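A.B. asks: any chance you can model this:
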Amino acid sequence: MFKLLLFLHLLAAIFAIGPLVGAATSASRALRVSDPAAATAAARTIRLYSYVSVVVVILGMGLMSQKAPWDRSQDVAEFGDTWIWLSVLLWLCAVAVALAVLAPTLTRAAAVIGGTGSARNLVGRVAAAGGVIGLLYAAIVVLMVYQPGS
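C.D. replies: You can find the predicted model right below:
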């Protein structure tokens, strides 16, 4: 069961977090070229994959509650482990930035561009939010690999 959950957790992370980070880090391009359809698509992608990323967390919690294959007397991890709770906190921050800052800004920019306006003043905000999301998920990967405190 451990290997199955590990496989599903990694697969979900690749197919949910990958597109989310890709869309977040490249969304400002839509504003620089004044493409309202691209901005709308990026906002939709960011919203969708932010919600889908919950599956990664659920699978991770299931994986963490399994008996460790290297020592059947202990669980893989506990929520009190620094790398677990810090990863969940960083994930919550990433989802909050995506849903509360990036997606609404892209939607607003698409409306401005569609109304023959310019959204160049929002490029910095979109690029910064996308960069923060990318860095937060990179930090989560570091925590998952090195597992500090365990």
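A.B. asks: average model confidence for the host helix or strand of residue 25?
C.D. replies: Assigning secondary structure by DSSP states H and E places residue 25 in helix 18-26. Average pLDDT, helix 18-26: 95.
A.B. asks: can you pull the buried residues of it?
C.D. replies: Burial within helix 18-26, assessed by neighbour count using 16 or more other C-beta atoms under 10 Å, is assigned to 20, 21, 22, 23, 24, 25. Glycine gets a C-beta too; all of them are placed from N, C-alpha and C.
A.B. asks: now distance to residue 58 too, for those residues, in JSON lines please.
C.D. replies: As requested, the buried residues of helix 18-26 are exported to JSON lines (distance: C-beta to C-beta, whole Å):
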{"residue": "20", "distance to residue 58": "16"}
{"residue": "21", "distance to residue 58": "19"}
{"residue": "22", "distance to residue 58": "22"}
{"residue": "23", "distance to residue 58": "22"}
{"residue": "24", "distance to residue 58": "21"}
{"residue": "25", "distance to residue 58": "25"}
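A.B. asks: where do the helices sit along the protein?
C.D. replies: Listed in chain order, the helices found in the chain under DSSP state H are 2-12, 18-26, 28-32, 36-64, 82-97, 103-114, 123-146.
A.B. asks: lowest confidence element among the helices and strands of the protein?
C.D. replies: In the chain, no helix or strand scores lower on mean pLDDT, DSSP states H and E than strand 71-75, which sits at a mean of 74.
A.B. asks: quick revisit: the helix holding residue 25 vs helix 36-64, what angle?
C.D. replies: 140 degrees (axes from the mean of the first three to the mean of the last three C-alpha atoms, to 10 degrees).
A.B. asks: how far away is the closest residue to residue 30 other than its chain neighbours from residue 90?
C.D. replies: Leaving aside its sequence neighbours, residue 30 sits nearest to residue 38 (C-beta to C-beta, 6 or more residues apart in numbering; 3.6 Å). According to C-beta to C-beta, to the nearest Å, residue 38 stands 28 Å off from residue 90.
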